[in-house]
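In: Provided below are the primary sequence and the corresponding predicted coordinates.
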Amino acid sequence: MTTHSTGPATRPGSTDTSARAGHGAARALTEGDTPAGGRTALAVTSGPTRVLPVGDRALLVEVSSGEAAQALHAELLRRRAEGSLAVREIVLAARTVLLDGLADPARVAERLPGWEIPPLGTRAQAAVDIPVRYDGPDLADVAALWGVRVPDVGAIHAAAEFRVAFCGFAPGFGYLTGLPERYHVPRRATPRTAVPAGSVALAGPYTGVYPRSSPGGWQLIGTTDAVLWDHARVPAALLAPGTRVRFVPVEGS
């Protein structure tokens, strides 16, 4: 994933792995049909799907939306777990999924556009609850951007249900989607040189929690004591792509 000297990127394209596809990409494969039976083809929203070679043993799959990328990523993990797909790494980004370590990339590239991909909403999964104190230094600025009172920011944020779209920037950092578009906010005009670990922040369509102190330009609305990354824990990351997340206000915040 791409890192940024002033904090996580906010534009989906800036964290994509599509640059790794190189200039020798083969003819793109396209699939946009919706078969019967309530299952959705590879492009779960309108737009092209492309399968591009990356070196000798990898493929980059480009889809039309973050939701399509997340649904494809979940299906690839399922197929690898059941043994029908042999691949070493499956890396999710904003609108791409990279498959690395394939024995026969050409065969996978030929078949993949015809796969039926269940929408994310059909997969039952427990949510991770993150306790948060809505005490961030940018609460007033966010309230002004939203056109609400400062105390309402936490209530609005906590009422949403989030999903980890992809991970990057720092170990344990997840890019969470779920806020309605009217609550998307820009990065700060002047980034901070240090954002405390546990800061709950907003930028563009994303919510994120800083797993460690680092520079950052996101709008800080709260803090949490949740440990996002712990080497002694298995898995070390609290959040993984596809994880459902709820922010639970700490009493008195």
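Out: Cool, the structure landed.
In: Any idea how many residues pack against the nearest residue to residue 207 once chain neighbours are set aside?
Out: Computed as C-beta to C-beta, 6 or more residues apart in numbering, the closest residue to residue 207 that is not its neighbour in sequence is residue 176, at 4.3 Å. C-beta coordinates here come from the backbone N, C-alpha and C atoms, glycine included. A count of nearby residues for residue 176, using other C-beta atoms under 10 Å, gives 26.
In: Residue 176 and residue 161 touch, don't they?
Out: No: assessed by C-beta atoms under 8 Å, residue 176 is found out of contact with residue 161, at 9.9 Å.
In: Which residues are in contact with each of those two?
Out: residue 245 (C-beta atoms under 8 Å, 6 or more residues apart in numbering).
In: Kindly give the local confidence score, pLDDT, for the residue nearest to residue 207.
Out: Per-residue confidence (pLDDT) for residue 176: 95.
In: where's it relative to residue 78, distance?
Out: 22 Å (C-beta to C-beta, to the nearest Å).
In: next one: residue 196
Out: 37 Å.
In: And for residue 172?
Out: 24 Å.
In: Show me which of the two is the more surrounded one.
Out: Comparing residue 172 with residue 78 by other C-beta under 10 Å, the one with more neighbours is residue 172, at 19 against 13.
In: and the spatially closest residue to the more buried one that is not a sequence neighbour, what is it in contact with?
Out: Excluding the flanking residues, the one nearest residue 172 by C-beta to C-beta, 6+ apart is residue 229, at 3.0 Å. Applying C-beta under 8 Å, 6+ apart to residue 229 gives the contacts 170, 171, 172, 211, 212, 236, 237, 238.
In: which residues of the stretch 51-200 of the chain score low on pLDDT?
Out: Applying pLDDT under 70 to the stretch 51-200 of the chain picks out residues 121-125.
In: Please repeat the previous calculation with a cut-off of 50.
Out: Applying pLDDT under 50 to the stretch 51-200 of the chain flags the ranges 122.
In: Okay, residue 186 and residue 117: tell me how far apart.
Out: Per C-beta to C-beta, residue 186 is found 33 Å from residue 117.
In: Show me which of those two is the more surrounded one.
Out: Remark: of residue 186 and residue 117, residue 117 carries more neighbours, 21 against 13, as counted by other C-beta under 10 Å.
In: how about the helices of the stretch 51-200 of the chain, start to end?
Out: With DSSP state H, counting those that start in this stretch, the ranges of helices along the stretch 51-200 of the chain come out as 66-82, 105-111, 139-146, 150-159.
In: would JSON lines of those with distance to residue 59 be doable?
Out: Below are these laid out as JSON lines (distance: least, C-beta to C-beta, whole Å):
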{"stretch": "helix 66-82", "distance to residue 59": "11"}
{"stretch": "helix 105-111", "distance to residue 59": "5"}
{"stretch": "helix 139-146", "distance to residue 59": "40"}
{"stretch": "helix 150-159", "distance to residue 59": "37"}
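In: highest average neighbour count across those?
Out: Of all the helices of the stretch 51-200 of the chain, helix 66-82 carries the top mean neighbour count, a mean of 19, counting by mean count of other C-beta atoms under 10 Å.
In: Show me what it is packed up against.
Out: Using 3 or more C-beta pairs under 8 Å, 6 or more residues apart in numbering; DSSP states H and E, the elements in contact with helix 66-82 are strand 89-92, strand 96-100, strand 116-117, strand 162-167.
In: mind checking which of those is nearest residue 71?
Out: strand 116-117 (5.0 Å; C-beta to C-beta).
In: Which strands and helices lie in contact with that closest one?
Out: Contacts defined by 3+ C-beta pairs under 8 Å, 6+ apart place strand 116-117 against strand 40-41, helix 66-82.
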